[in-house]
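In: Return a 3D structure for these sequence lines:
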Amino acid sequence: MAVTIYGIKTCDTVRKARAFLDAEGIPHRFHDFRVEGLDAALLDRWIDALGWEKLLNKTSTSFRALPEDRKAVSDAAAAKALMLDQPTMIKRPVLDADGRLTVGFKPEAWKSFVGK
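Out: From the prediction side, this is the model:
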């Protein structure tokens, strides 16, 4: 199984998720948004599969720091522009297991998601 976890290395939830994968013996690749960036095609795939509402973390520090007019996100195009501009607004982590996607970390859900 090809597993990639997307996030930022300083995120506590991403750290917990990576530790979980290690403890479960699941080989994975880590993609850090800050180091490796995020391309539009990948984000489009995530939005198509998960929905922009699930991906855009409106409780993030980055989102809360936006001017009020930029917080009024009402469609996928506006959300995509925000997330490409500041990937830290993406809820983390995003897990890709053989092309299947999930966002956020819940150990029990991840066990069934990766087939453990």
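
In: contacts and neighbour counts: CA atoms only from here.
Out: Fine.

In: now the strands: where do they sit in the protein?
Out: With DSSP state E, the ranges of strands along the chain come out as 3-7, 29-32, 94-97, 100-103.

In: tell me the contacts of the closest residue in space to Thr102 that isn't next to it in sequence?
Out: Distances taken as Cα to Cα, 6 or more residues apart in numbering put Leu95 closest to Thr102, at 5.3 Å, once the chain neighbours are dropped. Leu95 sits next to 3-6, 101-103 when contact means Cα atoms under 8 Å, 6 or more residues apart in numbering.

In: Just name the closest of the residues you listed to Lys71, please.
Out: Val103 (21.1 Å; Cα to Cα).

In: List the beta-bridge partners for the closest one.
Out: Beta-bridge pairing for Val103 (DSSP bridges): Val94.

In: Check what pLDDT the one residue sitting closest to the centre of the chain gets.
Out: Here the mean C-alpha position of the chain is nearest to the C-alpha of Val94 (Cα atoms, centre = their mean), at a distance of 3.2 Å. Looking at Val94, its pLDDT reads 97.

In: Looks like it contacts Leu101 (just checking).
Out: Yes. Using Cα atoms under 8 Å, Val94 is in contact with Leu101, at 7.0 Å.

In: can you pull the contacts of the residue nearest to the centre of the chain?
Out: So Val94 contacts 5-7, 101-104 (Cα under 8 Å, 6+ apart).

In: which one of those sits closest to Ser112?
Out: Thr102 (11.6 Å).

In: which residues of this structure score low on pLDDT?
Out: Across the chain, residues meeting the criterion (pLDDT under 70) sit at 116.

In: Can you show me the helices along it?
Out: 12-23, 33-36, 40-50, 52-55, 61-64, 68-71, 76-85, 107-113 (DSSP state H).

In: Identify each buried residue in the longest one, please.
Out: To tie it back to what came earlier, the one meant is helix 12-23. 13-14, 17-18, 20-21 (16 or more other Cα atoms under 10 Å).
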